[in-house]
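*Asks:* structure here, sequence nowhere to be found:
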């Protein structure tokens, strides 16, 4: 096992709670953004969580993985649906590397000595 995600999530949420006590406006601001994203109701909550998991992978956020994996499951996401969302994240990371590789080549081509 790489991580004990349940213990990690519990400890993380405790620390986040402590941060919230010390800086409540920061957590309120984050909650406002989070709630605004779901307010339109155009996407099912499960879809929001699948998107969150894909973004968590691309941003390498263990806390997001711990929290949103649980939320996705609570909203009925299956391991196959989660795996598909992760496949999208993997494809985009590779695509981003390809795109930025093209930018490097372009930058190199613009060097005076190139």
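*Replies:* Cool, got the structure. Only a predicted model underlies this, so the values are computations on that prediction, with no experimental measurement involved.
*Asks:* stretch 31-47: which residues count as buried?
*Replies:* If you call a residue buried by 16 or more other C-beta atoms under 10 Å, then stretch 31-47 has these buried ones: residue 46. Bear in mind the C-beta positions are built from the backbone N, C-alpha and C, glycine included.
*Asks:* now the helix or strand hosting residue 106: average pLDDT?
*Replies:* For residue 106, the host element (DSSP states H and E) is helix 79-109. The predicted model assigns helix 79-109 a mean pLDDT of 93.
*Asks:* so which elements touch that helix?
*Replies:* If you count contacts as 3 or more C-beta pairs under 8 Å, 6 or more residues apart in numbering; DSSP states H and E, helix 79-109 packs onto helix 45-59, helix 62-74.
*Asks:* near the closest residue to residue 51 other than its chain neighbours, how many other residues are there?
*Replies:* Leaving out its chain neighbours, the residue that sits closest to residue 51 by C-beta to C-beta, 6 or more residues apart in numbering is residue 85, at 7.2 Å. Applying other C-beta atoms under 10 Å, we find 22 residues neighbouring residue 85.
*Asks:* show me the contacts for the residue nearest the centre of the chain.
*Replies:* Closest to where the C-alpha atoms of the chain average out (C-alpha atoms, centre = their mean) is residue 56, at 2.1 Å. Residue 56 sits next to 64-65, 68 when contact means C-beta atoms under 8 Å, 6 or more residues apart in numbering.
*Asks:* which one of those residues sits in the busiest neighbourhood?
*Replies:* Ranking the contacts of residue 56 using other C-beta under 10 Å puts residue 68 first, with 22 neighbours.
*Asks:* so that one sits right up against residue 49, yeah?
*Replies:* Yes - in this structure, residue 68 is within contact of residue 49 by C-beta atoms under 8 Å, at 5.4 Å.
*Asks:* host element of residue 18?
*Replies:* helix 5-22.
*Asks:* gap between the helix or strand just after that helix and the chain center?
*Replies:* Counting by DSSP H and E, the element after helix 5-22 in chain order, helix or strand, is helix 24-38. Remark: helix 24-38 is offset 16 Å from the chain centroid, using C-alpha atoms, centre = their mean, to the nearest Å.
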